[in-house]
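A.B. asks: what's the 3D shape of this:
(2 chains)
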There are 2 protein chains.
Amino acid sequence: MSQASGHVVDAGLPIDDWAAKQLVAVEAALVAWVPSDAPAGLGQAMRYGVLDGGKRLRPLLVLAAAGAVGGDLQAALRAAVAVELIHAYSLVHDDMPCMDNDVLRRGKPTVHVQYGQAKAMLAGDAMQALAFEVLTPEPTLSATPVMPPALQARLTALLARAAGHAGMAGGQAIDLASIGHTLDEAALRDMHRRKTGALLQASVLMGAACGHTTAAAWQALADYGAAIGLAFQVVDDILDVTQSAAKLGKTAGKDQHHNKPTYVTVLGLQAARRHAQALREQALAALLRADLGPAAALLSQLADKVVEREN
Amino acid sequence: MSQASGHVVDAGLPIDDWAAKQLVAVEAALVAWVPSDAPAGLGQAMRYGVLDGGKRLRPLLVLAAAGAVGGDLQAALRAAVAVELIHAYSLVHDDMPCMDNDVLRRGKPTVHVQYGQAKAMLAGDAMQALAFEVLTPEPTLSATPVMPPALQARLTALLARAAGHAGMAGGQAIDLASIGHTLDEAALRDMHRRKTGALLQASVLMGAACGHTTAAAWQALADYGAAIGLAFQVVDDILDVTQSAAKLGKTAGKDQHHNKPTYVTVLGLQAARRHAQALREQALAALLRADLGPAAALLSQLADKVVEREN
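C.D. replies: Numbering: from 1, shown residues only, chains lettered A, B, ... in the order given. Modelled structure (predicted):
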């Protein structure tokens, strides 16, 4: 741990215990809100694509950020589920034959392998819509307390922009176009800031939106989110060449197989590792600027987990 | 025109002049809000999928309903664009090889033919996200007056539910599952209420949400929207067997080709035509119950257009 981040982490909350507890709530909400009874088996395909798997890093970021700013945790749970739905739908579509053509995800056959391409595409489409349904609960249909409409609108704005053409979908378009091409580090960074970083950063900001922050703290949290968003992808690129499929729960070596530029191909393995550490330091420095005191401990530890993860 | 609906229509607004003017505004908004500069050509594919084509029935319903209840027309324009983006994305995905495998739409090659399947899927995904971006304008980035956050949330709620598993995506799943099967009229109606009707009904309600209505008027407008939503599909099924591809701007006879149950196969052509007329009467009766007086004239005429259209 760096000198700079010492005081943030010293609050010493048991991150794994906290995370385990949050994930129970997130999983229960996903089970409750992703329909089992949608027509013609669509609900089963949606549930297959999002339940029982994944690290749930994005929900944890939402909930940790909301906790750090004293945010409404019921609203944050909706935000956590919504962002995970967007992430999960993007994987369903990304795995399809016309994209990465992947057959293994989270240790299971991918959705299109299990349910066919047409249902996989529709399930992804419906998961994206469901994310926005979850953010805008109907007062008369919901047993949970309804979020203030202004918060519903703010969360929708953040999530839609992170998911859309300027964010995740735009990054995927660059990714497609870059296959077999050489990218310099700046172009690689731009691609990953959109493809992976935008949604991770939005997770932090959606959590922050559930409470109150100064403009300075908001910007600092945005910087934190940007740094861990990029760090996540650098580590992803490293793990793709250093870990087995069994460990990853998905196909290993797929970047190389698809001849995609990565941080490892552009920087080399050792420099990529140093870059991940530098991004962790940037994230922790940004957290200090957010000036949240001990409340930032979970976000600090999540930054560590992003960089130190092994799958 | 039926006796019952007479007084509604007698206001005699020039619907075609009104529609032409509205469509100029809708097209200008689409040109402004669908990005030309999204990464890696994604914006071009999005624009190809939504600009320069289509009847824009959904935007006209939004704007007519908003006008009928004295709604905020700038908000209604955003709602109109958002609902058209959802409609357009659904066509882009529906035309793909794993779904209907269609090569002609609005008289042009479909998006996947023009840009490849991967970019077509991403363009559709980004168009769905953009719909929700348009509904939640950023105060600092938008030159147009910002909608009240409560209206942003309400429009998002209506659109997401119409687009999602219980609406359009669910209807498409039933459609897929019904290929080569026999459906009775009730099952056919359920499929079309979701697949086509939900978004048409949401168009009416999103327009109504831009103004103020009594609970009774809201319900009546919902009934109006449901009736024309179903009428639209009945007419679609009729046109699929009676019109040429040149007239439709898309492949004709495709339901039969795909061995899909339709109102024509289930009811026969003449009964399907009578059913369309009956649904028009239902729509006009519902409009009378909404008790909007002459302000409902445009909605009344749009019901006529839905049933009398030739493409």
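A.B. asks: drop to CA atoms for contacts and neighbour counts, all remaining ones
C.D. replies: Fine.
A.B. asks: which residues touch residue A:190?
C.D. replies: residue A:171 (CA atoms under 8 Å, 6 or more residues apart in numbering or on different chains).
A.B. asks: actually residue A:155, sorry about that
C.D. replies: By CA under 8 Å, 6+ apart, the contact list for residue A:155 reads A:79, A:135, A:206, A:209.
A.B. asks: restricted to strands, list these.
C.D. replies: Within the contacts of residue A:155, no residue falls in strands by DSSP state E.
A.B. asks: which one of the residues you listed is nearest chain B?
C.D. replies: Of all the contacts of residue A:155, chain B sits closest to residue A:135, with 8.1 Å by CA to the nearest CA.
A.B. asks: neighbours around that closest one, how many?
C.D. replies: A count of neighbours around residue A:135, defined by other CA atoms under 10 Å in any protein chain shown, yields 31.
A.B. asks: so how far is residue B:254 from it?
C.D. replies: 37 Å (CA to CA, to the nearest Å).
A.B. asks: ok, residue A:262 next?
C.D. replies: Going from residue A:262 to residue B:254 by CA to CA gives 44 Å.
A.B. asks: again, but for residue A:311
C.D. replies: The value you get for residue A:311 to residue B:254, if CA to CA is used, is 47 Å.
A.B. asks: over to residue A:35?
C.D. replies: Distance, residue A:35 to residue B:254, by CA to CA: 31 Å.
A.B. asks: same check, this time on residue A:277
C.D. replies: Per CA to CA, residue A:277 is found 56 Å from residue B:254.
A.B. asks: residue A:225 against residue A:201, yeah?
C.D. replies: Yes. Between residue A:225 and residue A:201 there is a contact at 4.0 Å, judged by CA atoms under 8 Å.
A.B. asks: any idea which helix is longest in chain A?
C.D. replies: When chain A is parsed with DSSP state H, its longest helix is helix A:215-242.
A.B. asks: neighbours around residue A:74, how many?
C.D. replies: A total of 16 residues lie near residue A:74 under the criterion other CA under 10 Å.
A.B. asks: which helices and strands does the strand or helix carrying it pack with?
C.D. replies: Per DSSP states H and E: residue A:74 is located in helix A:73-94. Applying 3 or more CA pairs under 8 Å, 6 or more residues apart in numbering or on different chains; DSSP states H and E, one finds that helix A:73-94 contacts helix A:15-33, helix A:42-50, helix A:57-68, helix A:117-135, helix A:149-163, helix A:198-209.
A.B. asks: got JSON lines for those, with mean pLDDT too?
C.D. replies: Formatted as JSON lines, the helices and strands packed on helix A:73-94 follow (pLDDT from 0 to 100):
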{"stretch": "helix A:15-33", "mean pLDDT": "95"}
{"stretch": "helix A:42-50", "mean pLDDT": "97"}
{"stretch": "helix A:57-68", "mean pLDDT": "97"}
{"stretch": "helix A:117-135", "mean pLDDT": "98"}
{"stretch": "helix A:149-163", "mean pLDDT": "97"}
{"stretch": "helix A:198-209", "mean pLDDT": "98"}
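A.B. asks: want to throw these into TSV with distance to residue A:267?
C.D. replies: What follows is the helices and strands packed on helix A:73-94, written out as TSV (distance: least, CA to CA, whole Å):
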stretch	distance to residue A:267
helix A:15-33	32
helix A:42-50	33
helix A:57-68	26
helix A:117-135	34
helix A:149-163	27
helix A:198-209	22
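A.B. asks: which one of those lies closest to residue B:22?
C.D. replies: Smallest distance to residue B:22 across these (CA to CA): 26.1 Å, for helix A:149-163.
A.B. asks: quick check: mean pLDDT across whichever helix or strand comes after the closest one?
C.D. replies: For helix A:149-163, the following helix or strand on the C-terminal side (DSSP H and E) is helix A:168-178. Mean pLDDT, helix A:168-178: 95.
A.B. asks: what does the stretch 101-250 of chain A put close to chain B?
C.D. replies: With CA under 8 Å from any CA of the partner chain as the criterion, the stretch 101-250 of chain A meets chain B at residues A:117-119, A:121-123, A:125-130, A:132-133, A:136-138, A:149-150, A:152-154, A:156-157, A:160-161, A:163-166, A:169-174, A:176-177.
A.B. asks: show me the contacts for the residue nearest to residue A:232 when sequence neighbours are not counted.
C.D. replies: Computed as CA to CA, 6 or more residues apart in numbering or on different chains, the closest residue to residue A:232 that is not its neighbour in sequence is residue A:306, at 5.7 Å. If you count contacts by CA under 8 Å, 6+ apart, residue A:306 has them with A:228, A:231, A:232, A:235.
A.B. asks: can you put the residues you listed in a markdown table and add pLDDT?
C.D. replies: Below are the contacts of residue A:306 laid out as a markdown table (pLDDT from 0 to 100):
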| residue | pLDDT |
| --- | --- |
| A:228 | 97 |
| A:231 | 97 |
| A:232 | 96 |
| A:235 | 96 |
